[in-house]
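> The following comprises the amino acid sequence and a computationally predicted model.
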Amino acid sequence: MKTLAALLFCLVLGSAGVRGADAPPGSPNRFKEAISAFEAEDAKTPPAPGGVLFTGSSSIRRWTTLAEDFPGVRTINRGFGGSYLSDCVHYFDRIVPAHRPRLVVLFAGTNDLNGGRTPEEVAGSFRAFCNKLHTALPEAKILYISIGLAPSRWKIADKMALTNALIAAHCAADPRRKFVDLNPHTLSGDGEPRPELYVADRLHLNAAGYAIWRKHLAPHLAE
């Protein structure tokens, strides 16, 4: 029964994680089924405090090996595919506080930029997320994974770089916030994306790409 329940949970996330059938593009309501599934899972298995909560867009949702990749660290995956950083702000109260994490790992923002939002708007969403975290859980820390300069989004590389710079500056102002730039490890010596780190869509990481993330994030999760 547990296996069947887990399968149904994943199917709900897979179908609702992109867009709810009755929600227009850009509306946070397109994720209402995915968020409700998270809440149902939390109600069935009440979360223990003090873990590391991963949230954000599909690169987090697709990271299905968190437990194996970070042994000894209690991780929880609350990524919902296709989400904007603004969606993470919108659903913060329904995703984060119940877990009382010691650390939140956030990867989001590339979809916002690809959808037409400006670097300043995305950085504003990050500030809003931090404000919510600092208010709800003053002792908790946040680690922001840099927006990845993926091959399929190379046309907006300048916007992604500016957004990363704005978010890094905000992180530098508070020791509870940390910006981790993984782009130097996923770009070639010529500063171009390394296609061998991505699946066929040229946006999402493959196992080799996640291995790089794991290597460079692990020391921060142990702190």
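Thanks, I have the structure now. Numbers count the residues shown, from 1 in each chain.
> Which elements pack onto the lengthiest helix in the chain?
When the chain is parsed with DSSP state H, its longest helix is helix 119-136. The contact analysis (3 or more CB pairs under 8 Å, 6 or more residues apart in numbering; DSSP states H and E) places helix 119-136 against helix 85-90, helix 92-95, strand 103-107, helix 110-114, strand 141-145, helix 157-172. All C-beta atoms are positioned from the backbone trio N, CA, C, and that covers glycine.
> how about those in JSON lines, adding distance to Arg214, mean pLDDT and mean neighbour count?
Shown next, in JSON lines, are the helices and strands packed on helix 119-136 (distance: least, CB to CB, whole Å; pLDDT from 0 to 100; neighbours: other CB atoms under 10 Å):
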{"stretch": "helix 85-90", "distance to Arg214": "22", "mean pLDDT": "98", "mean neighbour count": "24"}
{"stretch": "helix 92-95", "distance to Arg214": "22", "mean pLDDT": "97", "mean neighbour count": "17"}
{"stretch": "strand 103-107", "distance to Arg214": "12", "mean pLDDT": "98", "mean neighbour count": "25"}
{"stretch": "helix 110-114", "distance to Arg214": "20", "mean pLDDT": "97", "mean neighbour count": "22"}
{"stretch": "strand 141-145", "distance to Arg214": "12", "mean pLDDT": "98", "mean neighbour count": "23"}
{"stretch": "helix 157-172", "distance to Arg214": "20", "mean pLDDT": "98", "mean neighbour count": "18"}
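> Which one of those lies nearest to Lys215?
Set against Lys215 and scored by CB to CB, the helices and strands packed on helix 119-136 come closest in strand 141-145, at 13.1 Å.
> And the contacts of the closest one?
By CB atoms under 8 Å, 6 or more residues apart in numbering, the residues outside strand 141-145 that reach it are 56, 102-107, 126, 129-130, 133, 167, 171, 176-180, 182, 213, 217, 220-221.
> how much does it deviate in direction from helix 157-172?
Computed by axes from the mean of the first three to the mean of the last three CA atoms, to 10 degrees, the angle separating strand 141-145 from helix 157-172 equals 160 degrees.
> Distance from strand 141-145 to the middle of the chain?
10 Å (CA atoms, centre = their mean, to the nearest Å).
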